[in-house]
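Enquirer: Curious how this folds, go ahead:
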Amino acid sequence: MNQSCKSRYPIIFCLIVILGFLPGIGGSQTVNNSYIEVGSNNASAGVYGSLSTQFSQRFKNFEVSAGGLFTLSNAQSNIFSALKLNISNDFQIKNHTLNVGALYLLKPFSTDLNETNFAILANYRTSHFGYVLGVNSRIYSFNRAAIQKYNFPDSVKTSVWEPYNLMYRISYFHDIVPELKFEAAITNYDRYLIQQETNPMLQLNFNYQLNDKLQFYSELAYMQAGMMNIRINYFGFYLRGGVVWQIN
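Expert: Residues are numbered from 1 along each chain as shown. Take a look at the predicted model:
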């Protein structure tokens, strides 16, 4: 593991452990969301497989969550491929809820390079439609080990900063039966992925509520290579299956 990542991983690892092993503290609500994913895209060098687990702790209207992603891919040297930290709060507007949150996402996508994202998102939903709008700032950088390995002089920049990028998600919701819910969405970000605003994904989601503790879901996504060129070429797709467990 590279030196830069060593300094950041323990922080979120500890949060994942704390959120997972302290259910019900002070009347809070603990939820685990885990899934497996298979997919292929123009950068994966074949089919890849991913496993993710995320723990969330809710205190009334406030929620904090931390998660990690493991990926097996021919194009990726790091099995541990992403860390995420999210905090959010709910605000009531008439009969609807506005959720406002901040996101930190670290992706060590090679042995030398890291991608770091900071984002702010606002999520508003009615009975059938959902709208998410936000901005993120992204930094691509050589890690500390790579800087020492290649002996970069102080005059050489070792990072590139994208000051801001638009994030969006527009969803349509429909209850097939009370236990089975359907969602269709167009978005440029996912759980551990933030695309450019012109690179949308088309998603279909099915959620089945088994009981008050367990929910199963499946997602299918098609990723375009750019806006309005769906019939020319594509970036990739994935199929995901997961479970949401309300621990307490």
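
Enquirer: Show me the strands in the chain, by range?
Expert: With DSSP state E as the criterion, the chain has strands at 29-41, 47-59, 62-72, 80-93, 96-107, 113-125, 129-142, 159-177, 180-187, 189-190, 193-194, 201-209, 214-224, 234-246.

Enquirer: Please dump these into CSV; it should also carry mean pLDDT and distance to residue 149 for every row.
Expert: (C-beta placed from N, C-alpha, C; glycine too.) CSV is the format used below for those (pLDDT from 0 to 100; distance: least, Cβ to Cβ, whole Å):
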stretch, mean pLDDT, distance to residue 149
strand 29-41, 94, 29
strand 47-59, 94, 27
strand 62-72, 94, 23
strand 80-93, 93, 20
strand 96-107, 94, 20
strand 113-125, 96, 12
strand 129-142, 96, 9
strand 159-177, 96, 16
strand 180-187, 97, 37
strand 189-190, 95, 32
strand 193-194, 94, 28
strand 201-209, 97, 35
strand 214-224, 94, 33
strand 234-246, 93, 31
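
Enquirer: Against residue 238, how distant is the residue most central in space within the chain?
Expert: Nearest to the mean C-alpha position of the chain, counting by Cα atoms, centre = their mean, stands residue 191 at 1.8 Å. Counting by Cβ to Cβ, to the nearest Å, the separation of residue 191 from residue 238 is 11 Å.

Enquirer: And for residue 178, the neighbour number?
Expert: 7 (other Cβ atoms under 10 Å).

Enquirer: Excluding chain neighbours, what is closest to it?
Expert: The shortest distance from residue 178 to any residue that is not its chain neighbour, by Cβ to Cβ, 6 or more residues apart in numbering, is 7.9 Å, and that residue is residue 209.

Enquirer: Residue 172 now?
Expert: For residue 172, the spatially nearest residue (Cβ to Cβ, 6+ apart) is residue 184, at 4.9 Å.

Enquirer: how deep is the closest residue to residue 189 other than its chain neighbours tucked in, by neighbour count?
Expert: In space, residue 189 comes closest to residue 167 once its chain neighbours are excluded; the distance is 5.1 Å by Cβ to Cβ, 6+ apart. Here the number of neighbours of residue 167 (other Cβ under 10 Å) works out to 22.

Enquirer: now swap in residue 68 and tell me
Expert: When neighbours are counted by other Cβ under 10 Å, residue 68 registers 20.

Enquirer: Tell me which residues touch residue 162, please.
Expert: When the contact criterion is Cβ atoms under 8 Å, 6 or more residues apart in numbering, the partners of residue 162 are 137-140.

Enquirer: Most neighbours among those, which one is it?
Expert: Neighbour counts for the contacts of residue 162, by other Cβ under 10 Å, peak at residue 138, which reaches 19 neighbours.

Enquirer: Would you confirm that that residue contacts residue 107?
Expert: No - counting by Cβ atoms under 8 Å, residue 107 is not a contact partner of residue 138; they are 9.8 Å apart.

Enquirer: list the residues that contact both of these two?
Expert: Residues within reach of residue 138 and of residue 107 at once, by Cβ under 8 Å, 6+ apart, are 115-117.

Enquirer: Can you lay out these as a markdown table showing distance to residue 56?
Expert: Conversion of the shared contacts of residue 138 and residue 107 to a markdown table gives the following (distance: Cβ to Cβ, whole Å):
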| residue | distance to residue 56 |
| --- | --- |
| 115 | 23 |
| 116 | 22 |
| 117 | 19 |
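
Enquirer: Tabulate those in TSV, adding columns for distance to residue 45 and neighbour count.
Expert: Compiled in TSV, the shared contacts of residue 138 and residue 107 are given as follows (distance: Cβ to Cβ, whole Å; neighbours: other Cβ atoms under 10 Å):
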residue	distance to residue 45	neighbour count
115	18	17
116	24	19
117	24	21
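
Enquirer: between the residues you listed, which is closest to residue 234?
Expert: Distance to residue 234, by Cβ to Cβ, is smallest for residue 115 among these, at 22.0 Å.
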